[in-house]
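Enquirer: the sequence isn't on hand, but the structure is:
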């Protein structure tokens, strides 16, 4: 998948999601209109407790500022096989998001590995070195052919010059490659940590040969790609879009017989009544074979291994044929968000 191809396909997905979001903000959604007052009150309490950003003005939704957004996207290499930008205000369970919306497993790996990174950081760094004390939540993830594990790029909240004692406390040792500090783990932590740019940390998979800096330095030394430009424009114009994912195939999909040539997914935050928040999700799948057949198989998905609430969400996604691909949509009401929260 070329960078230019990805940008041209990505644009309509994000644009249509943004337009749908604007429309839904003007009128109350049917599920919200039918929900009882008691259910709304309970959901409001739960949402407010689980989401530190609940109740904010939509214009102040959790999002990277334009400068910080571009700061991360500047490290996107020209030929990634998959890309995800995550600025979700509350941590959603990636496995539930993937099964509900029908994201192919290899594409969902970017979301799953973000949760793995968070867990690994919590294990290695504690006390004053806790990741919340030096690392922001927003992240750019991308996959390369040399590793099954994605790269992550995240903003720092503490000056890089002050991080050496924290990294040493976590068992990391310093190495300098091409004037870039690369911190090597001593245990099973699956990433190296490179301090790149001004106020940015890159997490490099340990299975990448050498220092693993080549994708990052190639991004640094070139002009912005079409994907980078489109992501920057779209995410800046609509700060309520909190998660974007796209991946090139062929990808195996457990719910359909044919492979998927390309997948795109976006999640947009929607401000509900009071402090409640919901989400609008949209996925686009481009199958390698018959589109109608793929659509019918997606409509018939069944996941008996999931609980009843998740099974209901799976069956609620509406799949239609659009522009030569399959598009699935599901609005997550504030009352349903609790089913996606990481426990």
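Expert: Received, thanks. This is a predicted model, so every value here is computed, not measured.
Enquirer: my read: residue 80 touches residue 142, true?
Expert: Yes - using CB atoms under 8 Å, residue 80 is in contact with residue 142, at 4.0 Å. All C-beta atoms are positioned from the backbone trio N, CA, C, and that covers glycine.
Enquirer: mind listing the shared neighbours of those two?
Expert: residue 215 (CB atoms under 8 Å, 6 or more residues apart in numbering).
Enquirer: tell me the contacts of residue 196?
Expert: Residue 196 touches 75, 153, 180, 202, 216, 220, counting by CB under 8 Å, 6+ apart.
Enquirer: closest to residue 252 out of those?
Expert: Within those, proximity to residue 252 (CB to CB) peaks at residue 153, which comes in at 27.4 Å.
Enquirer: which ones among the contacts of residue 196 map onto strands?
Expert: Among the contacts of residue 196, the members falling in strands (DSSP state E) are 153, 180, 202.
Enquirer: who wins for most neighbours among those?
Expert: Of all the ones in strands among the contacts of residue 196, residue 153 has the most neighbours under the rule other CB atoms under 10 Å, reaching 26 neighbours.
Enquirer: tell me who's in contact with it.
Expert: So residue 153 contacts 72, 75, 139, 140, 141, 196, 200, 201, 202, 203, 216 (CB under 8 Å, 6+ apart).
Enquirer: wouldn't the last one be in contact with residue 203 here?
Expert: Which is residue 216. No - counting by CB under 8 Å, residue 216 sits too far from residue 203 to count as a contact (10.7 Å).
Enquirer: tell me, what's touching those two both at once?
Expert: In contact with both residue 216 and residue 203: 151, 153, 194, using CB under 8 Å, 6+ apart.
Enquirer: for the residue nearest to the first one when sequence neighbours are not counted, list each beta-bridge partner.
Expert: With CB to CB, 6 or more residues apart in numbering as the measure, residue 142 is the residue that lies nearest to residue 151, at 5.4 Å, once sequence neighbours are left out. Partner residues in beta bridges with residue 142: residue 83, residue 151, with DSSP bridges as the criterion.
Enquirer: for residue 301, see how far away residue 142 is.
Expert: Distance of residue 142 to residue 301, given as CB to CB, to the nearest Å: 28 Å.
Enquirer: now residue 257
Expert: For residue 257, the distance to residue 301 equals 13 Å [CB to CB].
Enquirer: the two: which has the busier surroundings?
Expert: A direct count of neighbours by other CB under 10 Å for residue 257 and residue 301 places residue 301 higher, at 18 against 11.
Enquirer: where's the more buried one, which helix or strand?
Expert: Residue 301 belongs to no helix or strand when assigned by DSSP states H and E.
Enquirer: do the same with residue 72
Expert: Using DSSP H and E, the element containing residue 72 is helix 66-73.
Enquirer: leaving out the residues flanking it, which one is nearest to the spatially most central residue of the chain?
Expert: Nearest to the mean C-alpha position of the chain, by CA atoms, centre = their mean, lies residue 86 at 3.7 Å. Spatial nearest neighbour of residue 86, chain neighbours left out: residue 139 (5.0 Å); criterion: CB to CB, 6+ apart.
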